[in-house]
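Student: Take a look and give me a structure for this.
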Amino acid sequence: MWYESDMARILCIEDSKEFQIYLTSVLREHTLVHVSTLGEATRAVDSGHLDFDLVLLDVSLPDGNGMRALPKLKEAFTGKQVPFIVVSADSDMLSKVAAFGVGADDYISKPPDSSELRARVEAKLRWVNSTPKNRTTLTFEDLLIDAEKISVEIVRPNTSNTPVDLTPLEFKLLKLLMGRPGQVFSREAIIERVWGVGRYITPRTIDAHISHIRNKIEDSRVRIETVLTEGYKLAKKNAP
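Tutor: Model prediction:
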């Protein structure tokens, strides 16, 4: 899981559509996956198709008590440090103590203040990011990124890999896309995570960098797709 120049993917287990909309609005810089029941949450985690970085868990759900299900849900993330934040209408101390007792990493009472919610989520993501990580490489199809060496290679079976010569900004941009293959990144998200918050970068500048990267990885099985009016995503090339 990467945070240096990447948005987080958050699993929200919450049955209130209104609160789902609120969460999406407050945490708009991240990708939120909403499910309404514990059953849906279990299937989302067990499928392995999505790699979650944090879980927001309601207590009162249509098919059970979220707090009681928390230990089992946490077991599904074996080998990963995924914070669980319980979000509940119960604000009494006993409920909070009970949540921490079953493994919750934080507890937020409903309705949460938007600033507090955002701050608590970001704090947990920073905590995960500050822990040591053994993974220093990202791979997608035949493309390999080494974050420590700041290098990119096209993997060639039975022969030497082909290095890809990227500028520092191109490397950061490709690493951002490589962290979430198939996820669409808006130009605003790219600017914030590659150039930094508050920088004024024109769409033409981003398009130019994308074009350069496309040319440099042309011989790989990977391509950067333009999603009209939305942004860019990394995808597997269609077979000829």
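
Student: quick one: what helix or strand has Tyr232 in it?
Tutor: strand 231-236 (DSSP states H and E).

Student: And that strand, what's buried?
Tutor: Residues of strand 231-236 classed as buried: Gly231, Tyr232, Lys233, Leu234, Ala235 (neighbour count, 16 or more other Cβ atoms under 10 Å). Just so you know, the C-beta spots here come from the backbone N, C-alpha and C atoms, and that holds for glycine as well.

Student: all helices in the chain, in order from the N-terminus.
Tutor: Counting by DSSP state H, the chain has helices at residues 17-26, 38-47, 66-75, 93-101, 114-130, 168-179, 187-190, 203-216.

Student: And the second one, what does it pack against?
Tutor: Pointing back at helix 38-47 there. In terms of contacts (3 or more Cβ pairs under 8 Å, 6 or more residues apart in numbering; DSSP states H and E), helix 38-47 is packed against strand 9-13, strand 31-35, helix 66-75.

Student: Buried deepest among these, which one?
Tutor: strand 9-13 (a mean of 23; mean count of other Cβ atoms under 10 Å).

Student: Just list what that one packs against, helices and strands only.
Tutor: strand 31-35, helix 38-47, strand 54-58.

Student: so how far is the last one off the chain centroid?
Tutor: Relative to its parent chain, strand 54-58 has a centroid offset of 14 Å by Cα atoms, centre = their mean, to the nearest Å.

Student: before we move on, what about the second one?
Tutor: Here the centre of helix 38-47 is set off from its chain's centre by 17 Å, with Cα atoms, centre = their mean.

Student: got it, and the first one?
Tutor: In terms of Cα atoms, centre = their mean, the centre of strand 31-35 is set 11 Å apart from its chain centre.

Student: who does it pair up with?
Tutor: strand 9-13 (parallel) (DSSP bridges).

Student: same thing with the last one?
Tutor: If you go by DSSP bridges, strand 54-58 pairs up with strand 9-13 (parallel), strand 84-88 (parallel).

Student: Thr137 is nearest to which of these?
Tutor: Smallest distance to Thr137 across the strands paired with strand 54-58 (Cβ to Cβ): 19.7 Å, for strand 9-13.

Student: can I get the CA coordinates of the closest one in CSV?
Tutor: Taking C-alpha atoms only, strand 9-13 is exported to CSV below (Å, rounded to 0.1, in the frame of the first residue of the first chain):
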residue,chain,number,x,y,z
ARG,A,9,-9.1,3.3,-0.8
ILE,A,10,-11.6,3.2,2.1
LEU,A,11,-14.2,0.6,2.7
CYS,A,12,-17.3,2.2,4.3
ILE,A,13,-19.7,-0.3,5.9
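
Student: Okay, angle between it and helix 38-47 too, please.
Tutor: Per axes from the mean of the first three to the mean of the last three Cα atoms, to 10 degrees, the angle that strand 9-13 makes with helix 38-47 is 150 degrees.

Student: average model confidence for strand 9-13?
Tutor: Mean per-residue pLDDT for strand 9-13: 91.

Student: and if you look at stretch 174-185?
Tutor: pLDDT averaged over stretch 174-185 gives 87.

Student: hmm, back to that, who wins for proximity to Val227 among the helices of the chain?
Tutor: Judging the helices of the chain by Cβ to Cβ, what sits closest to Val227 is helix 187-190, at 10.9 Å.

Student: which other residues reach that closest one?
Tutor: Met7, Glu29, Leu173, Leu176, Pro203, Ile206, Gly231, Tyr232 (Cβ atoms under 8 Å, 6 or more residues apart in numbering).

Student: Among these, which one has the most neighbours?
Tutor: Leu173 (25 neighbours; other Cβ atoms under 10 Å).

Student: Just to check, that residue is in contact with His212?
Tutor: No. In this structure Leu173 lies outside contact range of His212 using Cβ atoms under 8 Å: 9.5 Å.
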